[in-house]
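**Q** Give the three-dimensional model of this entry:
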Amino acid sequence: MEENSNYWLRRKVSRRTTIRGAALAGVGAGAFALVGCGDDDDTPKGTPGGLLPTAAASASAVAKTPKPGGSLSFQISSPPPSLDPYTQTSFVNGYMNGLSYSKLYRFKAGVPEVSPADNTMETDLAEKLPEQADPLTFIFKLKPGAKWQNVAPVNGRALTSEDVRYAFDRYMNFEKSVHKGNWSWVDKIEAPDAQTIKITAKAPYADAVQILGGNLGSYISPKEHAESPEAATKMVGSGPFIHTEFQTGVSLSFKKNADYYDKPYPYLDDVKTFITTDQAKRVADFSAKSVDLTWLFLADERDQLKKQRPDAKFDEQQGIGGYIYLRTDKPPFNDKRVRQAISLALNRKAIRDATSKGEGVPDQLYHVGFPFARQVKDLPQGKLWDYNVAEAKKLMAAAIGEGKTIETTWDHADAVIYTQAYVDTATLAQAQLKEIGINVKDQVAPYAQYISTTYQGQYEGMGHSPRAVAYWLDFVTERFTQKPKRGRINLSYVNDPKLEVLLDKQRGQFKLEERLGTVKQIEELVAEEQYEIYFSTDTRTFFWNPELQNYRPTAWFPYTHLIKAWKDKA
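**A** Okay, here's the model as predicted:
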């Protein structure tokens, strides 16, 4: 077993870093992942799990008067495949949607006093949390005065409950919607009057508010625009910023929505997003102070930027480990012994040493940064994460026969979005699998192609993807269900009746202790079956200019939180 004396105990973070209690409440979990915030060095006290402490309120934060005006620029690492919220699962898409579209709820995270990975929701279009007369009924009231942006084709008209009903129905039933799984709990949606939305669930569902305020499949786009040819290249919503320009492959521009219903936001007048696919250029541009905000820098680039921009503020977040998915619906990966052999053949420590300066720990289904999740070494099945080639070969021989090999494919994206470390992980893992008789043909595709084909389940053999930090506990259903059809990211084509029973059970458990008991069962079943084979955590760092105030990055995708930020030098 790999000893858990890892980077997280040794990292130096700001003296502003404190320990935040890990709480789950009601419909979701608060403070899911672990992060650290810094602009100076102090040695932190390690958490019991040996991970980077969760950052809470900044001890040095003082109330400041907002300064309206000014412009903000930041970078993204790839153009969004499309701007249509109904047909895309790309996190890049989610970033941009958050600037121009609204939801019923939004994350509180994004300001200094809230942990970046706290998934607590606050109201957006909704006036308050839903009323529930019974476990199946959710009643939402819209904030008075909400209206669409004053641009064609909506021209500033009032936003009504019928608009919300239309959007949710489109996520559920539109032929090209990729978010149907997130809405499978809904029986019907009604708009009894202009300010009221009524959702009736098929069964009690504990994560309703998290879904309605999440990263994807929750933005409200008007019918007039959603059904137009422009939906893929332009955003028209009710959000804080009006989308004014999209220069393909170059940038996206936004201006303040003066009629935004949630006053006094936003403070900024203009926002510009530069599409910068070259990692070295992203480092160079921020070093030269050409942009205000940049992110997703792993160990090498992080340390480079710290030297080149000692004045910059930064936030380090524990990255969730990527994983191997594989076709468990047919030979040879329908045999648990083969899947277990793959996990045993991976030298995760060697991969971390090569790609992230040794930072990170082995990860599992429930990201080890979650306060309720166990470290891999504490799982009854933890030995399956050991690097043990001899045992892997024994399992392979028992499964396919002594001396036989497996010929397969490994599909993944290129390095533009997911970084060179992601591609290097694939290369190193494939070499390690060769030692036990699994010969892999590497198949790499541009991100836009990968996300629309392989990541939708169109592959044979094996694949490899990063993961997003989940903001709702029922994320596991999307990963493993076959009811009524394959879940959106059930990329391993898992069909396990015992697992389905547990998935259904946890969806309706509103009492935390009961739900976490079911989570523990799911955690162990998936660890035993190795339906997905997980790598290790990493560190991801955000940098921003010191004049940007009331800002903090989040573990979630939308950039909606920019509404609360301002610049000292407007």
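**Q** At which residues are the strands of the stretch 451-570 of the chain located?
**A** Secondary structure of the stretch 451-570 of the chain (DSSP state E, counting those that start in this stretch): strands at 462-465, 532-534, 538-544, 548-549, 566-567.
**Q** Which among these is found nearest to Tyr387?
**A** Each of the strands of the stretch 451-570 of the chain was scored for nearness to Tyr387 using CB to CB, and the closest is strand 532-534 (13.0 Å). For the C-beta atoms, the positions are set from N, CA and C on the backbone; glycine is no exception.
**Q** Can you add distance to Val271, mean pLDDT and mean neighbour count and give the strands of the stretch 451-570 of the chain back as JSON lines?
**A** Formatted as JSON lines, the entries for these read as follows, by distance: least, CB to CB, whole Å; pLDDT from 0 to 100; neighbours: other CB atoms under 10 Å:
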{"stretch": "strand 462-465", "distance to Val271": "29", "mean pLDDT": "97", "mean neighbour count": "24"}
{"stretch": "strand 532-534", "distance to Val271": "36", "mean pLDDT": "98", "mean neighbour count": "25"}
{"stretch": "strand 538-544", "distance to Val271": "13", "mean pLDDT": "92", "mean neighbour count": "23"}
{"stretch": "strand 548-549", "distance to Val271": "12", "mean pLDDT": "96", "mean neighbour count": "19"}
{"stretch": "strand 566-567", "distance to Val271": "11", "mean pLDDT": "96", "mean neighbour count": "22"}
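**Q** of the ones you listed, which approaches Thr123 most closely?
**A** For those, distance to Thr123 was read as CB to CB. The smallest value, 21.5 Å, belongs to strand 566-567.
**Q** Let me see the residues that make contact with the closest one.
**A** The contact list for strand 566-567 (CB atoms under 8 Å, 6 or more residues apart in numbering) reads 66-70, 72, 267-268, 292, 547-550.
**Q** and if we set it to 7 Å?
**A** Judged by CB atoms under 7 Å, 6 or more residues apart in numbering, the contacts made with strand 566-567 from elsewhere in the structure are Pro66, Lys67, Pro68, Gly70, Leu72, Tyr267, Leu268, Glu547, Leu548, Gln549, Asn550.
**Q** Please pick the buried ones from the residues you listed.
**A** Those of the contacts of strand 566-567 that meet the buried threshold are Lys67, Gly70, Leu72, Tyr267, Leu268, Leu548, Gln549, Asn550, by 16 or more other CB atoms under 10 Å.
**Q** Save these as a markdown table, and put in distance to Ser115 too.
**A** Listed next are the buried ones among the contacts of strand 566-567 as a markdown table, based on distance: CB to CB, whole Å:
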| residue | distance to Ser115 |
| --- | --- |
| Lys67 | 25 |
| Gly70 | 27 |
| Leu72 | 23 |
| Tyr267 | 22 |
| Leu268 | 23 |
| Leu548 | 19 |
| Gln549 | 18 |
| Asn550 | 15 |
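**Q** Straight-line length of stretch 546-564, end to end?
**A** End-to-end distance of stretch 546-564 (CA to CA, to the nearest Å): 16 Å.
**Q** Now find how far off-centre it is within its chain.
**A** Averaging C-alpha coordinates over stretch 546-564 and over its chain gives two centres that are 16 Å apart (CA atoms, centre = their mean, to the nearest Å).
**Q** Please, where are all the strands along the stretch 201-350 of the chain?
**A** 241-247, 251-256, 270-275, 293-297, 313-319, 323-326.
**Q** which strands and helices sit next to the second one?
**A** Translated: strand 251-256. For strand 251-256, the contact count by 3 or more CB pairs under 7 Å, 6 or more residues apart in numbering; DSSP states H and E identifies helix 91-100, strand 241-247, strand 270-275 as packing neighbours.
**Q** mind putting the strands of the stretch 201-350 of the chain in TSV, mean pLDDT, mean neighbour count and distance to Val526 included?
**A** Shown next, in TSV, are these (pLDDT from 0 to 100; neighbours: other CB atoms under 10 Å; distance: least, CB to CB, whole Å):
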stretch	mean pLDDT	mean neighbour count	distance to Val526
strand 241-247	98	19	40
strand 251-256	98	20	38
strand 270-275	96	20	36
strand 293-297	87	23	27
strand 313-319	89	25	20
strand 323-326	98	25	11
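**Q** Pro553: how many residues sit nearby?
**A** Under the neighbour criterion other CB atoms under 10 Å, Pro553 is assigned a count of 25.
**Q** which one is it nearest to, not counting chain neighbours?
**A** In space, Pro553 comes closest to Phe542 once its chain neighbours are excluded; the distance is 3.9 Å by CB to CB, 6 or more residues apart in numbering.
**Q** As JSON lines, the strands of the stretch 201-350 of the chain with distance to His561 would be great.
**A** Listed next are the strands of the stretch 201-350 of the chain as JSON lines, based on distance: least, CB to CB, whole Å:
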{"stretch": "strand 241-247", "distance to His561": "12"}
{"stretch": "strand 251-256", "distance to His561": "14"}
{"stretch": "strand 270-275", "distance to His561": "12"}
{"stretch": "strand 293-297", "distance to His561": "11"}
{"stretch": "strand 313-319", "distance to His561": "13"}
{"stretch": "strand 323-326", "distance to His561": "28"}
